[in-house]
Structures are given as C-alpha cells and as structure tokens.
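K.L.:
Build the 3D model from these lines:
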Amino acid sequence: MPVAGNTVSTDTRIEVPGVEITSLADIEAVVRAWREVEADADSSFFVSADWTDAWLRSLPEEALPLLVRIALDDDSTALALLGRTRTRRRKVIRSRVLALHETGDRELDIFTVEHNRLLARAGAETNAWHSLLTALAHRPDWWDELRVSAVTRSERDRVLAAADEAGLDTRLIDSKPYYFVNLRNLRESGQDYLGSLSRNTRHQVRRSAKLYEQEYGEVTLRNAESVEEALTFFSRLCELHEAYWNERGLPGAFATQLSQAFHRRLITNCVPEGHAQLTRIRAGDHEIGYLYNFVHRGTVSSYQSGFNYSADNRVKPGLLGHCLVVEKQIEAGEDVYDFLMGRSQYKSSLSTDEGEMSWLSIQRPRLMFRLEALAQRIKARLTVSRNSDD
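P.N.:
Numbering: from 1, shown residues only. Take a look at the predicted model:
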C-alpha cells in the first residue's frame, strides 16, 4: 500500500527514443488527444475518452497521473496514463510503483478499471507495449515496478512477451473470471436468450416475473431519457445498493464523495450520447430495481445495480432485471452484455461465455523482488501440501 507522507512529485519529463513521459498539465488537451487515438483503437469503455475525462477531472491535482506518448513505426501514437507512488511491503521491500490507468492509491482507485490496456491503433498494441517497456528498462533510475490491473488474456500475453524482450521480470498477482453474454451469436442463430440458460435459471426468472405480475402488475423497463432522469435513477440505485451492502457490514461502491462526483460527472457526459444507461425495472408501480450500464462499440458493461429485495426468497429481482435488459440489448443490436469480473452465482447463471482478467507486476530485475517471489512460491507449496495432508 502507499506509504503515508511519501508521495511522488509528478513534475516530470522523461524522454527516451520513441517514448515521452510528462506531467499532466492540461486535461482538455489530453482528452482531445485521447479521442483522436481512440477513433482507431480497439478499446474498452474503461479506456475510453469518456471514462478518462471523468476520472481525471475527479482526482485531486496532486494525484494526477503522468501522460505517456509512444511514437509507433507507422507514425501513429499510442497513449497511456501512469499513476506514480511509493510502497513498502513486509516492512523491508521499498518500491517506486507505476500503475496503468490508476493512481496507485487504494483510497483513490475505487472505480474498478476493467479490460485495461494501452490506447493504441488496432493492430499496433504489441509494438506499443514493446516500446514502452523497452523505454522503462532504459530508465531504471525512477521506477521499480509497473502494475497492470485487469487485463484480458490477449493483453496479458502482449505484456508478458514485451517484458521478456525488455529483460524485465513479471509476476502474476491475481486473476479473476469475467462472464458475458454473446448477444450477436444469439441474435444471428435466432436462439432465445432465456432458452440458452439452465433449466433452473429459466425457472427462477419465469417464477419471479409471474409473482411480480400477480401481486403488482406488468413488469416494465424504462431507460432514463434525460440527464436529470438518469441522475434521479442513479440516486435511487445508490440507496438500494448501499442498503444491501450496509446490511453486510460493507460500504458499497458509491459511499464516498469521490465516487459520487465521478459517476455523476460520467452520467452527465455520457447519457446524452447513449454511452451510459440507467434502467429502472418496475412491476406496476412497485420498484424492482435499477441497472447502471455502459455502452461502447457494441459492448454493454453491467457496472452496478440496486435492487429492492423481497422477504420472499422465491423472488429474484436481480436475475429478472438482468435477463430483461439482456433481451432488450439483443433487440437493440448490441454484440456483448458483459457482467464484468467476479465470481458471482448470478453472473455465471446468466452468461453464455467466460473470460479471465489478470493483475500483473512488471519489475526491474532486483534481488529483493526475486527473493520475495521465491518466498511466495514456497509459501504456496506449503499451503497446498498442508491442505492435501488434511
């Protein structure tokens, strides 16, 4: 974790052949450049100009990341943002850490970036990673490790190959599944979405719809049609979301002023363009819940939700709400409905496909890091051995 009182100044300018790393002085100029590169990039919403704009404008000035410009062989440019901090692990391992599209401060990195990557022209991602990591390998005087969070398998493989070529060490910190519905396949095959799910899931969804309709009336969906309505939906979603998590002793995703400011800015900017959707699900006048989704180049990312849970455990508002929204997205012509990462029963039950996201640490070849990795491998083997003996 970051060491208190030991922040790193971002008044920085580093230039090596093909790569320039500078302090971030003009957010508007960065966002304009981001949109230009994004037009030719195969990026996710979490690396889009919309997300980046809201993120940068929500951060305190002292936490703004560094801007990386990577000149590629075809005269195009790749971009990235690197947070910079210092950490101390196990009281003895001190490290100067860079973090891709994060600040490196856990209290600020609460927005859960997923499908992370460099922003580069489609097809140029491998060259961009090679240029960046080669440049960092030539400047060991100001960094020790680069944290790369929540990358898919293809991006992970690019990072690992580029790190190996640059003579850097790599560590897999964590991996998590993510689940999604292939809307395009369902639409093109003519297969009914509900029919593609397990018998048990179909039963729970249909029973929930029937119980709601019997008690309250027809189940309906409504997407917010204005920023004002979207913010109203968002406020109610937050109330339901936090009530659910507070009962479990946790704060929920929207408990801080930083989180509220970020999402209200994102909603204000993205709802008019159709890049964010706030959906209300009701039965008659009874509130079932709300979904907060991002829409980017055919992919709908299911970011957060708030549901009005019933004492009747036969009623599954989450299963029903997601199922209804997925069916609407198939009709709308979208390609993927992404439940995002995490091992949740509802995600695996409602999905048609599964992927994996990885958390990586790219490290300078320091003895202390290698001893740390060795100790962790030994600990893991001992844990496996003890469990097998049990």
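K.L.:
Which residue ranges of the chain form strands?
P.N.:
13-16, 19-22, 66-71, 77-89, 93-100, 145-152, 169-182, 219-223, 276-283, 286-296, 299-307, 336-341, 353-363 (DSSP state E).
K.L.:
Include distance to residue 377 when you put the ones you listed into JSON lines, please.
P.N.:
Backbone N, C-alpha and C define where each C-beta goes, glycine included. JSON lines is the format used below for the strands of the chain (distance: least, C-beta to C-beta, whole Å):
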{"stretch": "strand 13-16", "distance to residue 377": "33"}
{"stretch": "strand 19-22", "distance to residue 377": "33"}
{"stretch": "strand 66-71", "distance to residue 377": "32"}
{"stretch": "strand 77-89", "distance to residue 377": "16"}
{"stretch": "strand 93-100", "distance to residue 377": "16"}
{"stretch": "strand 145-152", "distance to residue 377": "18"}
{"stretch": "strand 169-182", "distance to residue 377": "10"}
{"stretch": "strand 219-223", "distance to residue 377": "49"}
{"stretch": "strand 276-283", "distance to residue 377": "43"}
{"stretch": "strand 286-296", "distance to residue 377": "38"}
{"stretch": "strand 299-307", "distance to residue 377": "35"}
{"stretch": "strand 336-341", "distance to residue 377": "25"}
{"stretch": "strand 353-363", "distance to residue 377": "14"}
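K.L.:
Just give me the lowest mean pLDDT stretch among the ones you listed.
P.N.:
Comparing mean pLDDT across the strands of the chain, the weakest is strand 13-16, with a mean of 82.
K.L.:
follow-up on the earlier one: so for residue 233, which of the strands of the chain sits nearest?
P.N.:
strand 276-283 (3.9 Å; C-beta to C-beta).
K.L.:
any chance of the strands of the chain in JSON lines, plus distance to residue 207 and mean neighbour count?
P.N.:
As requested, the strands of the chain are exported to JSON lines (distance: least, C-beta to C-beta, whole Å; neighbours: other C-beta atoms under 10 Å):
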{"stretch": "strand 13-16", "distance to residue 207": "60", "mean neighbour count": "13"}
{"stretch": "strand 19-22", "distance to residue 207": "56", "mean neighbour count": "19"}
{"stretch": "strand 66-71", "distance to residue 207": "52", "mean neighbour count": "20"}
{"stretch": "strand 77-89", "distance to residue 207": "47", "mean neighbour count": "20"}
{"stretch": "strand 93-100", "distance to residue 207": "44", "mean neighbour count": "20"}
{"stretch": "strand 145-152", "distance to residue 207": "35", "mean neighbour count": "22"}
{"stretch": "strand 169-182", "distance to residue 207": "21", "mean neighbour count": "17"}
{"stretch": "strand 219-223", "distance to residue 207": "13", "mean neighbour count": "15"}
{"stretch": "strand 276-283", "distance to residue 207": "13", "mean neighbour count": "22"}
{"stretch": "strand 286-296", "distance to residue 207": "14", "mean neighbour count": "22"}
{"stretch": "strand 299-307", "distance to residue 207": "16", "mean neighbour count": "23"}
{"stretch": "strand 336-341", "distance to residue 207": "22", "mean neighbour count": "22"}
{"stretch": "strand 353-363", "distance to residue 207": "26", "mean neighbour count": "19"}
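K.L.:
Quick one: closest of those to residue 198.
P.N.:
Nearest to residue 198 among the strands of the chain is strand 169-182 (13.6 Å), distances taken as C-beta to C-beta.
K.L.:
The closest one pairs with which strands, and in what direction?
P.N.:
strand 336-341 (antiparallel), strand 353-363 (antiparallel) (DSSP bridges).
K.L.:
how about these in JSON lines, adding distance to residue 161?
P.N.:
Below are the strands paired with strand 169-182 laid out as JSON lines (distance: least, C-beta to C-beta, whole Å):
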{"stretch": "strand 336-341", "distance to residue 161": "23"}
{"stretch": "strand 353-363", "distance to residue 161": "12"}
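K.L.:
Can you list the residue ranges for helices in this protein?
P.N.:
For the chain, the helices defined by DSSP state H cover 27-38, 49-58, 125-137, 153-165, 183-189, 193-196, 199-215, 227-246, 257-270, 317-332, 345-350, 367-389.
K.L.:
Report the central residue of the protein.
P.N.:
Nearest to the mean C-alpha position of the chain, by C-alpha atoms, centre = their mean, lies residue 114 at 2.2 Å.
K.L.:
Residue ranges in the chain under the pLDDT threshold?
P.N.:
Applying pLDDT under 70 to the chain flags residues 1-11, 90-91, 375, 380, 382-390.
K.L.:
rerun that using 80 as the cut-off
P.N.:
1-12, 89-93, 366-390 (pLDDT under 80).
K.L.:
now residue 282: how far from residue 324?
P.N.:
From residue 282 over to residue 324 the distance is 11 Å, taken as C-beta to C-beta, to the nearest Å.
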